[in-house]
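In: Could you work out the structure for the sequence below:
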Amino acid sequence: MNEIKVLLVEDDREIVENLTEFLRTEGYLVKSADTQTGAMELLEEETFDLMLLDVTLRQGNGYSVCTAVKAVYDIPVIFLTALGDEFSVVTGLDMGADDYISKPFRPRELVSRMKSVLRRAGKSQSVVTVGDVRIDTDKGLVTRGGQEIYLSALEYRLLLVFINHRGMVLTRQLLLDEIWDMAGDFVNDNTLTVYIKRLREKIEKDPQKPEIILTVRGMGYRLGK
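Out: The predicted model follows:
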């Protein structure tokens, strides 16, 4: 799978470190800059799919960066800033920003916004591969070795949860929380075991020796490579 490349322009080192680590666990490739000059230099050297941009920078400001970027590059921009007043929001959007999220923000909300902006920009990664399994999230199609695999709605949702948390160990409670809205009271800890077993039977070469949905003893599960 080709990773989505994100340029994070932020001068708060703690935010950079924490957000970079979180986005990497979500499958994004992240580079960062803490000044206007540094951001523009990275854009000249590499191609990025999305920019996360703080308004207040150590050198320069986010509005100027956004204006310069939009004049030259075809890249969506999401402002990250503590300036949550209406004027700041409108100013950012008038500068050409694609979205705006105020600090402090919830990381998963940010990822959801990122995915939405990337879809609108036609830059989202709609095909994911894990081993010989291929998931086309636009078409809702799952294949293995070129042959379509038929999953129930909940099995497919469960697979998407693993894909969206690639690299992370998922507890059983987290998995239950993620699929609860779809299945309501029908999903509990026992039925989760059944659904994982069914999903493995459909996507694994050898369900007794899984390579895609791996058990992490004492912790939960994680997606294989």
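In: Tell me which residues of the helix or strand containing residue 42 come out buried.
Out: Taking DSSP states H and E as the definition, residue 42 sits inside helix 36-45. Buried residues in helix 36-45, counted by 16 or more other Cβ atoms under 10 Å: 36, 38-40, 42-43. Bear in mind the C-beta positions are built from the backbone N, C-alpha and C, glycine included.
In: Could you single out the nearest of those residues to residue 25?
Out: residue 42 (22.0 Å; Cβ to Cβ).
In: got a pLDDT number for that closest one?
Out: On pLDDT, residue 42 comes in at 93.
In: Please name the residues that touch it.
Out: 7, 31, 33, 48 (Cβ atoms under 8 Å, 6 or more residues apart in numbering).
In: if we take the residues you listed, which one ends up nearest to residue 218?
Out: For the contacts of residue 42, the nearest to residue 218 is residue 31 (35.2 Å; Cβ to Cβ).
In: So the closest one lies in a strand, does it not?
Out: Yes - per DSSP: H, G, I helix; E, B strand; the rest coil, residue 31 lies within a strand segment.
In: how close does it sit to residue 52?
Out: 11 Å (Cβ to Cβ, to the nearest Å).
In: Tell me the residues that contact both of those two, please.
Out: Counting by Cβ under 8 Å, 6+ apart, the contacts common to residue 31 and residue 52 are 6-8.
In: just to revisit the earlier point, adding neighbour count, write the contacts of residue 42 out as TSV.
Out: Formatted as TSV, those follow (neighbours: other Cβ atoms under 10 Å):
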residue	neighbour count
7	23
31	16
33	22
48	21
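In: May I see those residues organised as TSV, with pLDDT and distance to residue 93 added?
Out: Listed next are these as TSV, based on pLDDT from 0 to 100; distance: Cβ to Cβ, whole Å:
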residue	pLDDT	distance to residue 93
7	95	19
31	93	25
33	92	22
48	91	20
